[in-house]
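1. Generate coordinates for the sequence data below:
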Amino acid sequence: MGKLNRFDLSRIIEKFKTPVFFETGTFRGDGVEYALQSPFKQIISIEIIPGLADEAKKRFAGIGKVKIIEGDSSSAMENELPRLAGNCIFWLDAHFPGADAGMTDYDATMDESVRLPLVTESSIISRHRKGYRDVIIMDDLRIYEDGPYQNGNVPADALPKKDRNIDFVNQNFGETHHIYKLYQEEGYIFLLPKASRWNIFALFFKRPPVPEFFLTKDVL
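-> Numbering: from 1, shown residues only. Model prediction:
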């Protein structure tokens, strides 16, 4: 599980004018709680597990700018993104639904697009968000490739059933975004609009990564 609070969302909002926070994988709602500390105008979070979605709806009841959606991330994104205006910060963390809450196993039998929805989510964002300058943070890079991760490579029971690679990231965002990899925790893929030339360490990290887990310098 990644740590959204590693990233300085307020600075990203300031530099990229991103009034919307869009999360896949609400879990206990801590990502939404952290996003509320920054000046977003709208916060949307999707959770496939009904019990977790209900908990989050109760937790944030009465906060008008927060919208919790119960459902699978792909279907919810297809419904929400066509009518969503303004640049977004996307936090994509919907893999292995229910596993971290002890509701399912990491190797539970389910459709791969539900178990590991990042490929589908990326395609949907690319299709619906043309012309926007979104910032995209993807959690758990280690699911898709081995590397010097702070928390080690992915356990065998969490491996994808198909080939492991992140070609889909370059295919969907290579023309529009700089694509970086970070090996802190379980690894992140960090995408910034190509017109930007910011020092990402100075701007976007609440707690800068220790040297051995710095972002790779190579762009995909």
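2. So, low pLDDT: which residues of this protein?
-> Where the chain drops to pLDDT under 70, the residues are 1, 96-114, 196-220.
3. Show me where it has its strands.
-> Applying DSSP state E to the chain gives strands spanning 20-24, 42-47, 66-70, 88-92, 135-139, 177-182, 188-193.
4. Tell me the strands beside the first one, with direction?
-> By that I understand strand 20-24. Here strand 20-24 is paired, per DSSP bridges, with strand 42-47 (parallel), strand 88-92 (parallel).
5. Adding mean neighbour count, write those strands out as TSV.
-> To be clear about C-beta, it is placed using only N, CA and C from the backbone, and glycine gets the same treatment. Output for the strands paired with strand 20-24, formatted as TSV (neighbours: other CB atoms under 10 Å):
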stretch	mean neighbour count
strand 42-47	24
strand 88-92	24
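6. Can you say which of the strands of the chain is nearest to N153?
-> Closest approach to N153 among the strands of the chain is made by strand 177-182 (14.0 Å; CB to CB).
7. Which strands or helices does that closest one pack on?
-> helix 167-173, strand 188-193 (3 or more CB pairs under 8 Å, 6 or more residues apart in numbering; DSSP states H and E).
8. Find the centremost residue of the chain, please.
-> In the chain, the residue lying closest to the centroid (CA atoms, centre = their mean) is L92, at 2.0 Å.
9. Which strand residues bridge that residue?
-> Here L92, judged by DSSP bridges, has bridge partners T24, M138.
10. Tell me which stretches of the protein form helices.
-> 9-16, 30-35, 50-59, 73-80, 112-115, 118-128, 167-173, 200-204 (DSSP state H).
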